[in-house]
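> Let me see the structure of the following:
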Amino acid sequence: MERSRIGSPRPDAHMSFTYRKGKAGMSETPPPAVHPVDEVLPAPKLALYGFQHVLAFYAGAVVVPILVASAIGLSPEQLVYLINADLFTCGIASIIQAWGFWRIGVRLPIVQGVTFTAVAPMIAIGQGAENGTAALLAIYGGVITAGIVTFLAAPFLGRLVRFFPPVVTGTVLTVMGLMLLPNAITDAAGGAAAKAAGHDFGSWRHLAYAGGTLLFILVLYRLRRPFVSSIAILLGLVAGTVVSYALGDTDFDQVGKSDWIGVTTPFHYGAPTFHIGAIVAMLLVMMVTVVETVGDAKATGEIVGKSVGDDDIARALRADGLSTFLGGAFNAFPYTCFAQNVGLVRLTGVRSRFVVVAAGFIMIVLGLFPKVAAYVASIPPDVLGGAAVAMFGMVAVVGIQTLSKADLRDERNALVVAMSIGIAFLPGTVPAFGENMPRDVSAILNSGILLGSLAAVLLNLVFNVLTRKPPIDPADADVPPLEPPTV
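Here you go, the predicted model:
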């Protein structure tokens, strides 16, 4: 059995030997051990397992452009192009991360997808622009800048994770989920277009489609079948759209107008624009994704039995940075590790990274067919809204779960959470908040997510990083515990 450097048997070593007959008789030569992560499976298995990863990933990949397009008022043609660009770039990003080259890519079975953390900031950036195209250009400017910074700072970003403890990341995710829910409810009631036109917005028909889609998704989760649960959102969107089409409330006219084949070209909408507010928002998004990438890379390493050190983390973050830069250049979004695909690796037990490489090539191929994207773009807003309620609610729940890892008995942590959530609600409750400020400052003040995220980072620095005082436990203090006010 092959032994590692410290002398203990390697778990991935094989008990097989090759026998060669020579003049002196039989001699045995142990073959070079190949770790299961680096094993290249037969082509049929690569295609099958790769397609399974694409299924688990697809809903998360296509929902983001749909949500962003709906919120910032993009045309159906722009949405189709956005979906194709996203799939195309997701494929490239996954290949970079799993296959790797030079010091880029962690070389583990990790699928790269657009980070859901970026949805709310991108919507906030887009809603402050003059039109849909201007919104995209402002978003791409922030995405490209964040990608370059992440790539260059990759060796040092791992050390900054300590500035983003659970009290910060949990607060940021909770704020994002809460701030996104109004957009989901607007879609469930008929969408922004119906609201602006004042036609049929909030009718029983829209709410029935939204409620039916949400109920169908909940039933799929109730089945407790891991793979079905991983694609429950995708199945819910398909089922809701099919029912809407059968009842005559949805059409697929855009499919007939779309080309069979289309190639994504860099800077399709023109040169990106660079605004301070958009850049700050995307940099904050990338810092949150750094925490996600570190966690996902280490989790995947444990699943496949391969240690993940500081150099591996730096390679993973460089891949994130390069993929995000390419996302901005190819009219897409920021990218990071997809957690649901990490779970799929555990469920299937398939550890080869080349399965993800195969999935990447499948995504690239899917990104070349606008008609496929046109079917996705035809999902009605009310069906999307029903699914979005579940997705955005889960974002908030993930934030709450993360906060459970922080000691909220410590008054300083409690203040970070309370103040950040309170500040995040300012723009929504006071629409004119910050409107008399310069444009870049106003873009920050008018985004509840950006404002709440910045507050969480800064308050944590003030209360937990820059102070050496021991934690304050209310149970040990001389003052009584905080009680709700009486009326």
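> burial of Val161, as a residue count?
Here the number of neighbours of Val161 (other Cβ atoms under 10 Å) works out to 16. In short, each C-beta sits where N, CA and C put it, glycine included.
> Gln254 contacts Ser378, doesn't it?
Yes - using Cβ atoms under 8 Å, Gln254 is in contact with Ser378, at 5.9 Å.
> where exactly do the strands run in the protein?
Remark: strands assigned in the chain by DSSP state E are 18-22, 25-29, 112-114, 335-337.
> per-stretch mean pLDDT over those strands, give me the minimum one.
Lowest mean pLDDT of these: strand 18-22, a mean of 45.
> Domain boundaries for the protein, per the record?
1-33, 43-465 (automatic domain parsing).
> and among those domains, the most buried is which?
Mean neighbour count (mean count of other Cβ atoms under 10 Å) peaks for domain 43-465 among these, with a mean of 20.
> who's in contact with Ser94?
Residues in contact with Ser94 (Cβ atoms under 8 Å, 6 or more residues apart in numbering) are Ile110, Val111, Gln112, Gly113, Val356, Val357, Ala359, Gly360, Met363.
> no, scratch that, I was asking about Val395
Applying Cβ under 8 Å, 6+ apart, the residues contacting Val395 are Phe116, Leu173, Met176, Gly177, Leu180.
> So for stretch 71-90, mean pLDDT?
Here the average pLDDT along stretch 71-90 is 87.
> Determine which residue lies closest to the centroid of the chain.
Centroid-nearest residue in the chain, with Cα atoms, centre = their mean: Thr115, separated by 2.1 Å.
> looking at it, that one is touching Pro334, isn't it?
Yes - using Cβ under 8 Å, Thr115 is in contact with Pro334, at 5.3 Å.
> which residues are common contacts for these two?
Shared contacts of Thr115 and Pro334, defined by Cβ under 8 Å, 6+ apart, comprise Val285, Thr289.
> which residues in the stretch 101-250 of the chain form helices?
Taking DSSP state H, counting those that start in this stretch as the criterion, the stretch 101-250 of the chain carries its helices at 119-127, 132-160, 166-188, 192-197, 204-222, 226-230, 232-246.
> if we can go back for a sec, mind putting the contacts of Ser94 in TSV, distance to Leu458 included?
Shown next, in TSV, are the contacts of Ser94 (distance: Cβ to Cβ, whole Å):
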residue	distance to Leu458
Ile110	32
Val111	33
Gln112	30
Gly113	30
Val356	37
Val357	41
Ala359	39
Gly360	38
Met363	38
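> what's the most distant pair in these?
Distance extremes for the contacts of Ser94: the farthest pair is Gly113 and Val357 at 15.1 Å, using Cβ to Cβ.
> which residues touch the closest residue to Gln97 other than its chain neighbours?
Using Cβ to Cβ, 6 or more residues apart in numbering and skipping residues adjacent in sequence, the residue nearest Gln97 is Ala319, 4.4 Å away. Counting by Cβ under 8 Å, 6+ apart, Ala319 touches Ala93, Ile96, Gln97, Gly100, Ile104, Gly105, Val106, Gln112.
> what do you get if the cut-off is 10 Å, keeping everything else the same?
Ala319 makes contact with 93-98, 100-101, 103-107, 110, 112, 150-151, 154, 293, 297, 335-337, according to Cβ atoms under 10 Å, 6 or more residues apart in numbering.
> Equivalent analysis for Asp311, please.
Shown in contact with Asp311 (Cβ under 10 Å, 6+ apart): Arg103, Val106, Pro155, Gly158.
> Distance check, the closest residue to the first one other than its chain neighbours against Leu247.
The reference is to Arg103. Of all residues not flanking Arg103 in the chain, Arg315 sits nearest, at 5.6 Å (Cβ to Cβ, 6+ apart). Separation of Arg315 from Leu247 (Cβ to Cβ, to the nearest Å): 51 Å.
> same deal with Ala424?
For Ala424, the distance to Leu247 (Cβ to Cβ) stands at 39 Å.
> try Phe151
Applying Cβ to Cβ, the value for Phe151 to Leu247 is 49 Å.
> again, but for Ser229
According to Cβ to Cβ, Ser229 and Leu247 sit 28 Å apart.
> Check Arg353 too.
45 Å.
> and Val219, what does it touch?
Taking Cβ under 10 Å, 6+ apart as the criterion, Val219 is in contact with Ala232, Gly236.
> So that it lines up with my notes, have the first residue be 8 from now on.
From this message on, residue numbering opens at 8, which makes the last subject Val226.
> pLDDT score assigned to it?
Predicted confidence (pLDDT) at Val226: the value is 91.
> how near is it to Ala239?
Val226 is 9 Å from Ala239, by Cβ to Cβ.
> My guess is Ala215 contacts Gly209. True?
No - between Ala215 and Gly209 there is no contact, the gap being 11.8 Å when judged by Cβ atoms under 10 Å.
> got the end-to-end distance for stretch 402-418?
End-to-end distance of stretch 402-418 (Cα to Cα, to the nearest Å): 25 Å.
> And for stretch 99-113?
Start to finish, the residues bounding stretch 99-113 are 14 Å apart (Cα to Cα).
> Run the chain-centre distance for it.
18 Å (Cα atoms, centre = their mean, to the nearest Å).
> rewinding a little: nearest to Ile310 among the contacts of Asp318?
Distance to Ile310, by Cβ to Cβ, is smallest for Val113 among the contacts of Asp318, at 13.1 Å.
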